[in-house]
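A.B. asks: Using only what follows, build the 3D model:
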Amino acid sequence: MKEIFTDTLKLTFDGKMLVSELIKDIEIDVQHVKENYEAAQRITEGKKYLSLVITTPDVSITFAAQKASMGKEQYKNNIAQAVVVHSLAQRILVNFMINFVKYPCPWQLFSNKKDAVSWLEQQWKKRIDSKVHSTVSS
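C.D. replies: Below you'll find the predicted structure:
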C-alpha cells in the first residue's frame, strides 16, 4: 500500500481505493487543493480509482478552495467518491457542494467508514459489470 502526506492529508492507495484522511484542525485553501490533487495523481499513477474522503470534526475549507475542488479535472480518474463527515456543519456544506455542482462521478455522504467503503465497492462492481456488458454487446 502506497502512502503520501501533504500539509492537509494523509493519502493511501491500494491499487483500487484512494483514501484521503484530513488532518485535524486545518483550514483547506486553494494551494492545498492543488497540492492534494498533484499528490493523488502521483500516488495513483493516473489510474482510475475509488475515492474515500474522511473528514475530521475541526476541518474547514475556504470558499475559493471549495470552488477550486469542484473542477472536472479534479475528478477525471475518479470512479466514485464517498465522504465521511463528523458534524452537521460538514454535512450541510458537503450536501450543498453535491447539489450545487454536477460531479462527473457518483458522490455519497456517510457518517461512518464501513458504510462508505461498502457503497464504493458497489460502485466498483457496477463499473466492472458495465464493462463486461459493453464488451459482450459489442
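
A.B. asks: wait, what's in contact with Phe5?
C.D. replies: For Phe5, the contacting residues are Leu11, by C-beta atoms under 8 Å, 6 or more residues apart in numbering. The C-beta positions use only the backbone N, C-alpha and C, and glycine is treated the same way.

A.B. asks: pLDDT below threshold where in this structure?
C.D. replies: For the chain, the stretches with pLDDT under 70 are 97-98, 100-103, 131-138.

A.B. asks: could you say what helices and strands the biggest helix by length in it packs with?
C.D. replies: Among all segments of the chain classified by DSSP state H, the helix with the greatest residue count is helix 113-137. Packed against helix 113-137 by the contact rule (3 or more C-beta pairs under 8 Å, 6 or more residues apart in numbering; DSSP states H and E) you find strand 49-54, strand 78-84, strand 107-110.

A.B. asks: for these, which one sits closest to Lys10?
C.D. replies: Taking C-beta to C-beta as the measure, those were each checked against Lys10, and strand 49-54 came out nearest at 9.2 Å.

A.B. asks: what angle do that closest one and helix 113-137 make?
C.D. replies: In terms of direction (axes from the mean of the first three to the mean of the last three C-alpha atoms, to 10 degrees), strand 49-54 departs from helix 113-137 by 170 degrees.

A.B. asks: Show me what secondary structure element comes after strand 49-54.
C.D. replies: The first helix or strand that comes after strand 49-54 along the chain, using DSSP states H and E, is strand 60-61.

A.B. asks: Would you mind pulling the contact partners of the very next helix or strand once past that next one?
C.D. replies: Once the chain leaves strand 60-61, the next helix or strand it forms, by DSSP H and E, is helix 63-69. Under the criterion C-beta under 8 Å, 6+ apart, residues 28-30, 32-34, 61, 93, 97 lie in contact with helix 63-69.
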